[in-house]
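Novice: quick check, what structure comes out for this input:
(chains A and B)
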Amino acid sequence: MKSLDRVLSSEVARELVQKSGPGESTPVVGHRSPLAGLARRRLGFADVLGQSLSAVAPTGSAAVTPVFIVAAAGHGAVWSAMIAVVVTVVVASSINIFTRRMSAAGSLYTFTAKGLGPLAAFCAGSALLVGYGFITMFALSEAGNYVTVFISKMTAGSLDSSLLTAATIVVVGAGCTVVMARGVQLSTRVTLVIESFSIVVILGLIAALLYTVDGSGAWSNFSLEGVGAAQIATGTVIAITAVVGFESSAALGAETRHPFSAVPRAILWTALGSGLIFLLSVYSQSLGFADIDGDISTSAQPVNQLASSLGVSWIGTVLDVAVAASFIACALASATALVRVLLSMGREGVIPAVFGQTHPRFKTPTRAIGIAMPVLVTTAAVMVAVRPSVSATAGLFLAASAIGYVIAYVMVCLAAPMFLRRIGELTTGSVLVSYSAAAALISILILFGIDELSSSEPWGVTIALVTLVLALGWFGYAAMTRPQTVRRAGLYDETIAEDILVNPGAM
Amino acid sequence: MKPPVSSDFGGRQPGAVKNALTVLEEVALRGPGVTAQQLTRNLGLPRATTYRLLNLLVQQEYLVRMPDLTGFALGRKVGELANMAAPPRLSKAASTVLADLRLQISVAVHLVDFHIPDTVRILDADPRFPAPMWQHDVRKHAGTAIGHLVVADDDPLSAIGNDVRHRGYAMVADTALADEPHLAMPIHDDAGRLLAAIILTGSATDDAETVSILTAARNMLGALL
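Specialist: This is a model prediction of the structure:
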């Protein structure tokens, strides 16, 4: 409908102005946005897309996750990935019901508040904080991991890898903190550049794999013989962890120039694009391993192994850099979203107001950054230094964050139809989309929980649940002692008087 | 209101555009706060169509949602489009003040306003001289007296801001073109924001007499605009 711009000439616009009446009742409109202090209306579509893409870290996921899916679902891995992508796109459409209509910094927390009220919002908010917090720690850990791998390859030395990884985490974390504090445009540009580079590399690898691999026996590799539904389901659960994060541009709504068109598009394109990259990675890696008669599930560095066995080992090294970069961007993007959810909650008063403060010049939530980042960086670094396996620690963080994300997605999908009903825009299609997404996610969540809890080390789920209970406890306490904050839940970048046309002649 | 048929539109989806304009017109008529259901009922369009159009118009910011999210209003963007070409007419009292001012000053005296963000419009051009061909975009006026006023408004503590506040007006020493803004006397609204300005072009001098005449005129206009 870009053509509307050309057709709406100033003549037509003037007629509209002259016709505009005062309305039946005086609407209540404030003069200052509740999110004043942030860099309002600054970011373009590319920045917002970069934010969502980076939070997903498609390259990182493509390198790290397929192994686990194949381990769980065998030949059904590609089917698991496909189901995960479909569910993701449906969830994205559900979230876009909100992003097309509201611009906020609290993302899914705010959206849930508008649909289902404060209690549900607190559930979603806690889950979202768990999701963003743990994925930041996961990304920092994996970034440290891949940087250490790269350095080890270069130096061929026997450096104490745990300490080196921990040190990398601290350095990367500090760098992210500075970039985040300096300005939202800087953060999004950095993540866009880094992530674009790493996506190009992974696409290159996929292309190389598909080109060199003998695809003649391809389909037999994906037959569902001997693969049970439960295995496919578990594989799907793991695959979902690879694509979470696509919604993170919702947290930048207030800082986007055209939020109602840029954010929904960024969310949908990211869900589709990163889903596709992931699907292709699972497909090509499965093929590749089948071709070399290898067992992908026992490979420590599957992509490197594939690359060397296919005679393109240099790609493996480049990929180490690309994956590390992807995870650095992921940490930056996820933390960016995290601090904005904290800002929203701080402004409402449901957590201490200091979280809601912004820097007068940089227009970023510097207090929230200054409180959250040291906690996350220290936790990740200490855990990595103390525990024997970086991958295991990272896996723990990933599992915990997946629980958080999926719960938040469930809440927002349930909230969407209620929201539409409240504002009088309910349609059958939206009900179907949202509730089926919620149903799919709930099943995934239950299966994931069962799978984790029945494993030998269910720490991921345990940590997530403990954190959730603590967070909910806090919110419950806040609600009891400061009931006015409960009423304020769901703060967003609402229309202010300046945004509305006022016809001087009609007054 | 007849939707204009634009030849470069190509005739694609003419119905959709017509509906969009109809929706805009209806929101204008009903005033801020009209709901999606009211619009569907009044216009007789299918529900899904109305919702889709409303979302599109909100995306393009021709419409905004009210804070409680249940109603719509025309966005400021429509007003900006409307006022681009022809600004509102001056009241008779304001015109008289300007006319008196022009009797006392020999160079060109124009009145501009800054009502629309990032835009400067000529409210009243001096009839004794050719109408100035100034750009609407305020950013193209950087370095001129108008540009200095805007800088002083945005950033009062900057060097330019201090200078303007101290003198009470902005003045640029060398002007290349005869009709370039040379001396700009700002007019502020009650909240202290830059509302309009009296602009002198040509070889204006800021001697004490001129400044006091301008200040008097500015004070009178401040009450009338």
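
Novice: phi first, then psi, for residue 57.
Specialist: This is for chain A. Dihedral pair for A:Ala57: phi 50, psi 60, per degrees, to the nearest 10.

Novice: could you pull out the helices for chain B?
Specialist: Ranges of helices within chain B are B:14-30, B:36-43, B:47-59, B:76-85, B:92-104, B:145-154, B:159-167, B:208-224, based on DSSP state H.

Novice: deepest-packed of these, please.
Specialist: Among the helices of chain B, helix B:145-154 has the highest mean neighbour count (mean count of other CB atoms under 10 Å in any protein chain shown), at a mean of 22. Every C-beta, even on glycine, is put in place using the N, C-alpha and C of the backbone.

Novice: rewinding a little: can I get the helices of chain B in TSV including distance to chain A and mean pLDDT?
Specialist: As requested, the helices of chain B are exported to TSV (distance: least, CB to the nearest CB, whole Å; pLDDT from 0 to 100):
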stretch	distance to chain A	mean pLDDT
helix B:14-30	4	82
helix B:36-43	5	89
helix B:47-59	4	87
helix B:76-85	4	71
helix B:92-104	15	90
helix B:145-154	14	86
helix B:159-167	16	87
helix B:208-224	14	88
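
Novice: residues of the stretch 151-300 of chain A that sit close to chain B?
Specialist: Residues of the stretch 151-300 of chain A found near chain B (CB under 8 Å from any CB of the partner chain) are A:His258, A:Phe260, A:Ser261.

Novice: follow-up on the earlier one: closest one to A:Ala84 among the helices of chain B?
Specialist: Comparing the helices of chain B by their distance to A:Ala84 (CB to CB), the top pick is helix B:47-59, with 28.2 Å.

Novice: show me what that closest one is in contact with.
Specialist: For helix B:47-59, contacts defined as CB atoms under 8 Å, 6 or more residues apart in numbering or on different chains pick out A:1, A:4, A:100-101, A:258, A:260-261, A:425, A:427, B:16, B:19-20, B:23-24, B:36, B:39-40, B:43, B:45, B:63-65, B:72.

Novice: please name the residues that touch residue 61.
Specialist: Picked chain A for this. Taking CB under 8 Å, 6+ apart, one finds A:Thr241, A:Ala242, A:Val243, A:Ser274, A:Phe278 in contact with A:Ser61.

Novice: oops, I was thinking of chain B
Specialist: B:Glu61 makes contact with A:His258, A:Phe260, B:Gly75, B:Lys77, according to CB under 8 Å, 6+ apart.

Novice: measure the first one to B:Ala82 for me?
Specialist: A:His258 sits 21 Å away from B:Ala82, going by CB to CB, to the nearest Å.

Novice: how about B:Gly33?
Specialist: Note on B:Gly33: its distance to B:Ala82, by CB to CB, is 21 Å.

Novice: next, A:Leu38: phi, psi?
Specialist: The phi/psi pair for A:Leu38 (degrees, to the nearest 10) reads phi -80, psi 160.

Novice: likewise B:Ser203?
Specialist: Per degrees, to the nearest 10, the backbone of B:Ser203 is at phi -90, psi 60.

Novice: for it, list the residues it contacts.
Specialist: By CB under 8 Å, 6+ apart, the residues touching B:Ser203 are B:Val107, B:His182.

Novice: count the neighbours of A:Thr148 for me.
Specialist: By other CB atoms under 10 Å in any protein chain shown, 25 other residues sit near A:Thr148.

Novice: isn't it right up against A:Ala167?
Specialist: No - in this structure A:Thr148 lies outside contact range of A:Ala167 using CB atoms under 8 Å: 9.2 Å.

Novice: quick check: the farthest pair among the contacts of B:Glu61?
Specialist: Greatest spatial distance among the contacts of B:Glu61 (CB to CB): A:Phe260 and B:Lys77, at 12.7 Å.

Novice: before we move on, the earlier item: who wins for neighbours among the contacts of B:Glu61?
Specialist: Counting by other CB under 10 Å, top hit in the contacts of B:Glu61: A:Phe260 with 24 neighbours.

Novice: where do the helices sit along the stretch 51-200 of chain A?
Specialist: Along the stretch 51-200 of chain A, counting by DSSP state H, counting those that start in this stretch, helices occupy A:58-64, A:66-73, A:77-99, A:107-116, A:118-155, A:161-182, A:184-212.

Novice: check contacts around the residue lying farthest from the centre of chain B.
Specialist: Computed with CA atoms, centre = their mean, the residue of chain B farthest from its C-alpha average is B:Pro46, at 37.4 Å. By CB under 8 Å, 6+ apart, the residues touching B:Pro46 are B:Thr40.

Novice: quick one, phi psi at it?
Specialist: According to degrees, to the nearest 10, B:Pro46 has phi -60, psi 150.

Novice: so how far is A:Thr358 from it?
Specialist: Distance, B:Pro46 to A:Thr358, by CB to CB: 44 Å.

Novice: burial measure for the residue in chain B that chain A sits nearest to, as a count.
Specialist: In chain B, no residue comes nearer to chain A than B:Gly31, which is 2.6 Å away by CB to the nearest CB. Neighbours of B:Gly31 under the rule other CB under 10 Å: 21.
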